[in-house]
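Peer 1: what's the 3D shape of this:
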Amino acid sequence: MLNRQFAPDIYEVRHLTLPVPEIRLLDNGIPVYILDYPGQEIVKVEAVYRTGRAEEEKRLASRATSRILRDGTLQKSGAEIAEHLDFYGASVSVPTNLDTSSFILFTLKKYAHEVIPTFAEILHTPSFPEDELETFRRTSIQELMVELEKGETVAYRKLTELIFGDHHPYGYNSMPEDYLAIQRTDLELFFETWYLPSNCLLFASGRIDDEIFNLLNQHFGTRQGVKVSPVS
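Peer 2: You can find the predicted model right below:
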C-alpha cells in the first residue's frame, strides 16, 4: 500500500534511452520526423517554421502572424474552423516561442482525413481578418496592462532589456503602441516571406502509418510557394 504521508525516494537517472525518430521527406522536401506508436490511436502533428523575433522587420509581426493564422482562411471563417475541429474532437494550439513559429494538431487517427486538410488550410491560406487583428490588439494590450502590475513581470522585462539591449529581438519589450502599430499588411509580408515549405519542419507522433504519411504528403508535400489574397 502506498503511504502518501512520505515523499517517494529520489534516484539518479543513470540510463536514459530516447526514441530515435524516422526521418522521411515529403515530395517538396519538407522533412517529417516520425515516432510511430502502433498501439496508439491518436495523432500529433507539429508544424515548425524557422522564424521568430529575429526575422521581424516590425515588432510583434511574428507573434501576431502565428496567433491570427487560425482565425480565418480564404475558405473558412475562424468560427467555422473552430466548429469543425470541435466536431471531430481535435485541437490546434500555438505555443509561444521567440525563435520559431509552431502549430500543434491533436486528433484521433480515425478523423485524420477530416482534420489534417483543415490544419494545412490554416497554415497555407490564412486571410488575416481585420476584425480578428483588432481583437488581438485589444486583448493583448489588456493582458499586457495586467501583467505590468506584477513585480516579477516588470523585473523580467528589465532584466532581458539590460542583458540584450532594448533593440535586440530578445531584449525589446512589447508596449501598447507596438500592438496598435501592427497592421494586416505586416502579417501578410511576414507570412509570405517566412511561411515557406523550405522553412518548414514537421514532427509526427502517435499512430503514424503510411496512411497518415501519405495524407501529410498530399496536403503539405505538394506546396511550392505561398500567396495571401486580400479579404473582400
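Peer 1: Now the element after the helix ranked longest in the chain, going C-ward?
Peer 2: Longest helix of the chain, by residue count under DSSP state H: helix 130-147. Toward the C-terminal end, the helix or strand that comes next after helix 130-147 (DSSP states H and E) is helix 151-164.
Peer 1: Just the buried residues of that following helix, please?
Peer 2: R157, T160, E161 (16 or more other Cβ atoms under 10 Å). (C-beta placed from N, C-alpha, C; glycine too.)
Peer 1: So Y111 lies in a helix, does it not?
Peer 2: Yes: per DSSP: H, G, I helix; E, B strand; the rest coil, Y111 lies within a helix segment.
Peer 1: Tell me the strands beside the strand or helix carrying Y33, with direction?
Peer 2: If you go by DSSP H and E, Y33 is part of strand 31-36. In the sheet, strand 31-36 lines up against strand 22-25 (antiparallel), strand 200-206 (parallel) (DSSP bridges).
Peer 1: in that strand, what's buried?
Peer 2: Buried residues in strand 31-36, counted by 16+ other Cβ under 10 Å: V32, Y33, I34, D36.
Peer 1: Just give me the closest of the residues you listed to P169.
Peer 2: When these are ranked by distance to P169 (Cβ to Cβ), Y33 comes first, at 26.1 Å.
Peer 1: Against P19, how distant is that closest one?
Peer 2: Going from Y33 to P19 by Cβ to Cβ, to the nearest Å gives 11 Å.
Peer 1: now do A7
Peer 2: Going from A7 to P19 by Cβ to Cβ gives 30 Å.
Peer 1: who has more neighbours, the two?
Peer 2: Counted by other Cβ atoms under 10 Å, A7 and P19 do not tie: P19 has more neighbours, with 9 against 6.
Peer 1: I'd like the distance from the closest residue to K58 other than its chain neighbours to I68, if you could.
Peer 2: Nearest residue to K58, sequence neighbours excluded (Cβ to Cβ, 6 or more residues apart in numbering): D186, at 5.0 Å. Distance, D186 to I68, using Cβ to Cβ: 11 Å.
Peer 1: So which of these two has more stuff around it?
Peer 2: Using other Cβ under 10 Å as the criterion, D186 and I68 rank with I68 on top: 23 against 20.
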